[in-house]
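Enquirer: curious how this folds, go ahead:
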Amino acid sequence: MRFRSKYMEIEALQWFPGVHVPGVTEVVHDPGDGSTVSNGYGHCVTIHGEPTKVVPGDWVITEPDGVHHYPCKPDIFERRWEALS
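Expert: Down below sits the predicted model:
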């Protein structure tokens, strides 16, 4: 059997440390002086309730429920999706 993906629109933002993206919690640590320093990655919670690692440059896609998110590597994202005007 053969399958074809159906057309759908998604909401997605590309994540980098220090950039707020809904659904992504940046992982930080306290070096002991009261400040916080990024560990260079974050995480989001998928629709399955699993925390999933997000690394710089990943696209974070919002699930249809609007609450959960999942990361997608940039090369896969570019092959799969095109921006709407």
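
Enquirer: ok, longest strand in this protein?
Expert: strand 37-45 (DSSP state E).

Enquirer: tell me what the helix or strand encompassing I61 is packed against?
Expert: I61 is part of strand 59-62 when elements are defined by DSSP states H and E. Secondary-structure packing of strand 59-62 (3 or more C-beta pairs under 8 Å, 6 or more residues apart in numbering; DSSP states H and E): strand 12-14, strand 69-72. For glycine as for every other residue, the C-beta is placed from the backbone atoms N, C-alpha and C.

Enquirer: just those: most buried one?
Expert: strand 69-72 (a mean of 22; mean count of other C-beta atoms under 10 Å).

Enquirer: most centrally placed residue in the protein?
Expert: The residue lying closest to the centre of the chain (C-alpha atoms, centre = their mean) is V60, at 2.4 Å.

Enquirer: so how far is the strand holding I61 from its chain's centroid?
Expert: Counting by C-alpha atoms, centre = their mean, to the nearest Å, strand 59-62 is centred 4 Å from the centre of its parent chain.

Enquirer: point out where this protein drops to low pLDDT.
Expert: For the chain, residues meeting the criterion pLDDT under 70 lie at 1-6, 85.

Enquirer: again, only using 90
Expert: Residues of the chain meeting the criterion pLDDT under 90: 1-9, 31, 34-36, 78-85.

Enquirer: hmm, H68 is touching E50, no?
Expert: No. Look at H68 against E50 with C-beta atoms under 8 Å: they stay out of range, at 9.8 Å.

Enquirer: between these two, which has more neighbouring residues?
Expert: H68 (17 against 11; other C-beta atoms under 10 Å).

Enquirer: nearest residue to the more buried one in space, please, no chain neighbours.
Expert: I47 (4.2 Å; C-beta to C-beta, 6 or more residues apart in numbering).

Enquirer: check for me that that neighbour belongs to a strand.
Expert: No. Applying DSSP: H, G, I helix; E, B strand; the rest coil, one finds I47 to be coil, outside a strand.
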